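Student: Give me the fold of what follows.
(chains A and B, ligands or ions: 2)
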Amino acid sequence: MAQQAKFDVPKLREYPIVPRVREGAMQHSKPFVAKPEFQQPLGFPGELVDNWKEVALGKMGELLNKYRSVQVFLDICVKCGACTDKCHYYLGTADPKNMPVARQDLLRNVYRRYFTFTGKYLPKLVGAVDLTQDVLEDWYRYYHQCSECRRCSVFCPYGIDTAEITMAGREILDSVGIGQKYTNEIIGKVFKIGNNLGLPEPALADTLQGLEEEVKADVGVDVRFPLDEKGAEVLLVTPSADFFAEPHVDGLIGYAKVLHQAGISWTLSSYASEAANFGIFSGNYENMQKVAQRIRDAALDLGVKRIVVGECGHAWRVAYSFWNTLIGPFDFLDPKYPAPQHICELTYDLIRQGALRFKREANDHRVLTFHDSCNVSRGSRMGSTPGGQFEIPREIIKACCNHFYDMAPETIGESTFCCGGGGGLLTDDLLELRVKGALPRMEALKRVVDEHGVTHMAAICAICKSQFSKVMPYYGFEMDMIISLHQLVGDALDWGATAAH
Amino acid sequence: MPVVTLVYAALFYLATIILIGGLAYRIQRYARTPQPLKIPTTPAPTTRIGVVLRMLREVVFFASLFKANKWTWLFGWIFHFALLLVLLRHLRYFTEPVWGWVVWLQPWGVYAGYAMILGLLGLWARRFLVDRVRYISAPSDHLMLTLLVAIAGSGLAMKYVWHTDIVALKAFVLGLIYFDWQPLPADPLLLIHLLLVIGLVMIFPFSKLLHAPGMFFSPTRYQVDDPRERRHVARFAQAAGRLAE
Ligand code: SF4
Ligand code: SF4
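Tutor: Ligands and ions are numbered 1, 2, ... in the order given. This next block holds a predicted model:
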């Protein structure tokens, strides 16, 4: 069922090779620009301001004073080239501006020109350039060809994280009035309605009721999907795609089944019905804080003891790494549990306590592999030891499935490849980029399919799931090969004796 | 006092001032700029001691570079380690009496001079041969390599081809340190070698050589992975909005 495409879909090769540089190969790729009415609620000008050059440089100066990462990273790159073949977008497109260091250079060359001694007086020598319309356009193009996955930062000898530079670039673009439609519209929806999809409370309640009926019909158990229930122990925040998108919703059913079998009272919130925080994509601190604030408010309002986050990569990075800073302290929650807690941590703890009963044969028709999501892998942790974010999901899979095979080591764990749709790029106006950026993951998947007969790839990120369902057909895979980790858990839960209660 | 001596003495002092002043300025800038969020590249150590070990692995073994690219790692590591030996070897011009281990190091320092050139040429070759690295190289990157190769080459040439009066040289150097100026032997090769070194020292705080102090300020590497256990709050954020509560 290979898809027809308006662009060349890369061929899957047996052994990946780094492509030769093809200048301008993705010059044409850029996302739609946000309309004025979506810019203003976020505090950005509606369209390109007249004095954009001064504004952009002013913003750059501000960011240099505000973020040590930006200041240090712009200074210390030695152009060693170690990162040049690490970005999935370079590997998939061969456009040299998709090499992490070259992506940074788009900003660095302007930084040098206006903020450093050598760039001011010897621009040619250090490659410094004036800020022109062309440069601004290149920023818009190539800062929207980075999924902020941080793979480059693993390999850079100084840990230079291109994601930080991309965020700075996007924040400058926002400040002069050219924001990205997809991301900024979604942030606007969260401000207004509470979730990325603009799903209002009645629709949400309806959906959840439908799920209760579905599960009842399926396994004969009254698994509940509570909404806005005060006094519940757990507030579950999950990406809103979990409410209806496939295969996400089967993950949500899995969380509900786990919580039900463990006897934990829980609730969703219609006010904070979104775990994802698109504020991270432009790195704008204030917007990120404002989006996150809803969750603190909901937790206080509902009087919960724990906050648990569903399967979502960027959401988990923001929750794990940033929440305590942005909306902490969480001194009102039960100190026995980490705040916030990942749904995988919760499930894994229950498995270790023997609180869940599995019939692993239920998953025998599946041969699994696991896709480590970039933001979980390199921007967060699970459990109490480094690398828990790799072990815990795998332990869960092994507890409920008999057939599991990892992909090649250089494509998982801390070296995992982004799905190609992260960082605010999961939009159809960037489809070519998304398909090409998925190449390294598709090649790794192909190998385990050929060698071990893998039938499904489990993931714990809403973006990964949407992205893979969309792009896998271009590479000749079935779109339902991608599966939520908690669907595997939910399918394997054994209701035997408890079905009655 | 010969004019050459005066000029070089002045340049040495100037270079020292630029190096110290320039580095102090950059470092205080790095130190004072806040890092509002926790961004260690994970898996990361969960303790301070773990971070010190992570940094040591980076500084001593170039651990991340090793993961990234074996050739760059090999040439880069050879160059840096050799440079360290060569610098230590040069301590004999700055100390009287010369410390025992510096004496012991002398022959190794000479081998290191060759190794340094080898490492540099390897790194330079990548700038021509690998199309990706060629694409990202600016003239300043080539110039930096030229400078370093020229410094190493002129140093070795003095050792083997065109000897210089090292007793007089040492008197000059010690004179600079104790403000008791002595004439500098005016051998052309020595003058070139010293001039190149002075140049390198002067551009240090304005160039990518800032990676040396800067890497200790790289949040992805120095931060402890403990955001849930310890609340991290940046100054500017504290001042703004509800975090002040
Ligand atoms: S953060 Fe990821 S997408 Fe961005 S440049 Fe680095 S490797 Fe590429
Ligand atoms: S690996 Fe780091 S230092 Fe080397 S070129 Fe890339 S960003 Fe620069």
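Student: does any part of the strand or helix carrying A:Ala444 sit near ligand 1?
Tutor: Following DSSP states H and E, one finds A:Ala444 within helix A:439-452. No: using Cβ under 6 Å from any ligand atom, helix A:439-452 stays clear of ligand 1, with a minimum separation of 10.3 Å. Backbone N, C-alpha and C define where each C-beta goes, glycine included.
Student: Show me the contact partners of the next helix or strand after that helix.
Tutor: Remark: after helix A:439-452, the chain's next helix or strand is strand A:456-459, criterion DSSP H and E. With contact meaning Cβ atoms under 8 Å, 6 or more residues apart in numbering or on different chains, strand A:456-459 is reached by A:311, A:366-371, A:373, A:393, A:397, A:419, A:445, A:465, A:468, A:481-485, A:488.
Student: about what we covered before: and the helix holding A:Ala444, anywhere near chain B?
Tutor: No: Helix A:439-452 lies out of reach of chain B by Cβ under 8 Å from any Cβ of the partner chain, never closer than 15.4 Å.
Student: Could I have the CA atoms of that helix written out in CSV?
Tutor: Extracted in CSV, the C-alpha atoms of helix A:439-452 (Å, rounded to 0.1, in the frame of the first residue of the first chain):
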residue,chain,number,x,y,z
LEU,A,439,14.2,7.6,6.9
PRO,A,440,16.7,6.5,9.6
ARG,A,441,13.9,5.1,11.8
MET,A,442,12.3,3.3,8.9
GLU,A,443,15.6,1.7,7.9
ALA,A,444,16.2,0.5,11.5
LEU,A,445,12.6,-0.9,11.6
LYS,A,446,13.0,-2.6,8.2
ARG,A,447,16.0,-4.5,9.6
VAL,A,448,14.1,-6.0,12.6
VAL,A,449,11.1,-6.7,10.3
ASP,A,450,13.3,-8.7,8.0
GLU,A,451,15.4,-10.4,10.7
HIS,A,452,12.8,-11.1,13.4
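Student: Identify each buried residue in it, please.
Tutor: Buried residues in helix A:439-452, counted by 16 or more other Cβ atoms under 10 Å in any protein chain shown: A:439-449, A:452.
Student: Mind putting the residues you listed into CSV with distance to B:Lys70 and pLDDT?
Tutor: Formatted as CSV, the buried residues of helix A:439-452 follow (distance: Cβ to Cβ, whole Å; pLDDT from 0 to 100):
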residue, distance to B:Lys70, pLDDT
A:Leu439, 23, 97
A:Pro440, 20, 97
A:Arg441, 24, 98
A:Met442, 26, 98
A:Glu443, 21, 97
A:Ala444, 21, 97
A:Leu445, 26, 98
A:Lys446, 26, 97
A:Arg447, 22, 97
A:Val448, 26, 97
A:Val449, 29, 98
A:His452, 29, 98
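Student: Pull up the residues of the stretch 101-250 of chain A that are close to ligand 2.
Tutor: When proximity is defined as Cβ under 6 Å from any ligand atom, the stretch 101-250 of chain A approaches ligand 2 at A:101, A:156-158, A:160.
Student: hmm, 8 Å instead?
Tutor: A:101, A:104, A:152, A:155-158, A:160, A:162 (Cβ under 8 Å from any ligand atom).
Student: what stretches of the stretch 351-500 of chain A score poorly on pLDDT?
Tutor: A:497-500 (pLDDT under 70).
Student: nope, chain A is what I meant
Tutor: Short version for chain A, where the test is pLDDT under 70: A:1-5, A:497-501.
Student: Tell me how it divides into domains.
Tutor: Split into domains by automatic domain parsing, chain A comes to A:36-186, A:193-405+A:454-494.
Student: when you scan the shortest one, is anything in it near ligand 1?
Tutor: What it means is domain A:36-186. Yes: contact between domain A:36-186 and ligand 1, assessed by Cβ under 8 Å from any ligand atom, occurs at A:83, A:86-90, A:98-100, A:103, A:145-153, A:161-163, A:166.
Student: So which residues of chain B form helices?
Tutor: With DSSP state H as the criterion, chain B has helices at B:3-32, B:48-61, B:63-68, B:70-89, B:100-129, B:131-136, B:139-160, B:166-178, B:188-203, B:211-214, B:219-222, B:235-239.
Student: Return the residue of chain A that is most distant from the centre.
Tutor: A:Tyr121 (41.4 Å; Cα atoms, centre = their mean).
Student: Neighbours of A:Ser469, how many?
Tutor: A:Ser469 has 18 neighbouring residues, counting by other Cβ atoms under 10 Å in any protein chain shown.
Student: Ignore what I typed, I meant A:Val129.
Tutor: Neighbour number of A:Val129 under other Cβ under 10 Å is 18.
Student: Please apply the same query to A:Gly313.
Tutor: 28.
Student: List the buried residues for stretch A:408-415?
Tutor: A:411-415.
Student: next one: stretch A:280-299
Tutor: Across stretch A:280-299, burial judged by 16+ other Cβ under 10 Å covers A:280-285, A:287-292, A:294-296, A:298-299.
Student: That stretch vs chain B: in contact?
Tutor: Yes: counting by Cβ under 8 Å from any Cβ, chain B is contacted by stretch A:280-299 at A:285-286, A:289, A:293.
Student: can those residues go into CSV with extra columns for secondary structure and distance to B:Gln28?
Tutor: Formatted as CSV, those follow (DSSP: H, G, I helix; E, B strand; the rest coil; distance: Cβ to Cβ, whole Å):
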residue, secondary structure, distance to B:Gln28
A:Tyr285, helix, 24
A:Glu286, helix, 27
A:Gln289, helix, 29
A:Gln293, helix, 34
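Student: For ligand 2, state which of those residues is nearest.
Tutor: Ligand 2 lies nearest to A:Tyr285 out of the residues of stretch A:280-299 next to chain B, by Cβ to the nearest ligand atom, at 23.7 Å.
Student: Please name the residues that touch the closest one.
Tutor: Per Cβ under 8 Å, 6+ apart, neighbours of A:Tyr285: A:66, A:279, B:36-37, B:237.
Student: Pull the most distant pair out of those residues.
Tutor: Pairwise distances among the contacts of A:Tyr285 were taken by Cβ to Cβ; the largest, 15.3 Å, belongs to A:Lys66 and A:Gly279.
Student: Of those two, which one has the most company?
Tutor: A direct count of neighbours by other Cβ under 10 Å for A:Lys66 and A:Gly279 places A:Gly279 higher, at 25 against 21.
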